[in-house]
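*Asks:* Generate a structure from the sequence data that follows.
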Amino acid sequence: QTFERFNETLLEIVQKHIPKLSTKPRRNKCWFTEDCQKAVAAKKSALRKFVNSKTNEDLINFKIARAQARRKIRTAKKTSFRNYVSKINNNTPMHKVWKMIKKLKGTKKDTIKHILKPNNSFVETEKTVADCIASTLSGNSSTHNYNPEFQKRKKYRLRLCVDTTA
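*Replies:* Okay, here's the model as predicted:
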């Protein structure tokens with residue numbers, strides 16, 4: 001009885017706090033047409049039929065449906081890419097060209113808007129953000145952070161490496 005109560009409580013907590021769906025939004029795939037959707041649905045249907053029956057005929061039908069879905073998706077991607085790239089011509093401004101290239105690469109980087117300093121104040125201008133990052137990096141990579149024994153060995157090794165013949 002206590003185990004059942006524990007189990008029920010655990011399931012309630014899980015349902016309350018763990019999302020059932022991914023929190024990441026799906027990116028819209030402009031190339032995914034209705035034909036692709038039908039082909040993928042046919043493939044899933046054939047797979048379910050094969051899993052339930054386990055016959056050779058259903059396996060062959062699934063493989064055919066999978067190949068057809070792959071082919072449809074591949075051609076849809078190609079035509080979508082060709083349509084997208086055909087927008088570029090000699091009159092297209094360079095900033096739009098670069099914007100399209102970044103979209104194709106999938107790299108969208110937002111600039112840092114502000115940084116919270118250790119004294120709980122915000123730094124907001126680009127120059128002060130850059131200065132704050134630089135000072136933090138220089139402080140983190142400073143030789144003052146080395147332990148005393150390592151500093152001693154480093155000093156000793158540097159003395160050995162110094163060429164005194166010049």
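*Asks:* Check this protein for its longest helix and report it.
*Replies:* Longest helix of the chain, by residue count under DSSP state H: helix 56-85.
*Asks:* What count of nearby residues applies to residue 46?
*Replies:* 21 (other Cβ atoms under 10 Å). C-beta here means a position set from N, CA and C on the backbone, and glycine is covered the same way.
*Asks:* cool, the one 3 residues further on as well?
*Replies:* Around residue 49 there are 17 other residues, counting by other Cβ under 10 Å.
*Asks:* my read is it is in a helix, agree?
*Replies:* Yes: using DSSP: H, G, I helix; E, B strand; the rest coil, the assignment for residue 49 is a helix.
*Asks:* so where do the helices sit in the chain?
*Replies:* So, for the chain - with DSSP H - the helices run 2-17, 34-53, 56-85, 94-105, 126-140, 148-161.
*Asks:* ok so, going back, which helices and strands does the longest helix of the chain pack with?
*Replies:* If contacts are counted by 3 or more Cβ pairs under 8 Å, 6 or more residues apart in numbering; DSSP states H and E, helix 56-85 sits against helix 34-53.
*Asks:* Please spell out which residues along the helix it packs on are buried.
*Replies:* 36, 39, 40, 42, 43, 46, 47, 49, 50 (16 or more other Cβ atoms under 10 Å).
*Asks:* residues making contact with that helix?
*Replies:* Helix 34-53 has contacts (Cβ atoms under 8 Å, 6 or more residues apart in numbering) with 58, 59, 61, 62, 64, 65, 66, 68, 69, 72, 73, 76.
*Asks:* Buried by neighbour count, from those: which ones?
*Replies:* Buried among the contacts of helix 34-53 by 16+ other Cβ under 10 Å: 58, 61, 62, 65, 66, 68, 69, 72, 73, 76.
*Asks:* got the contact list for the fifth one?
*Replies:* Applying Cβ under 8 Å, 6+ apart, one finds that residue 66 lies in contact with 43, 46, 47.
*Asks:* how near is residue 3 to residue 16?
*Replies:* For residue 3, the distance to residue 16 (Cβ to Cβ, to the nearest Å) stands at 20 Å.
*Asks:* related to what we said a few turns ago, can you tell me which of the contacts of residue 66 is closest to residue 54?
*Replies:* residue 47 (11.9 Å; Cβ to Cβ).
*Asks:* ok now stretch 66-73, how far from the chain's centre?
*Replies:* Taking Cα atoms, centre = their mean, to the nearest Å, one finds the center of stretch 66-73 at 26 Å from the center of the full chain.
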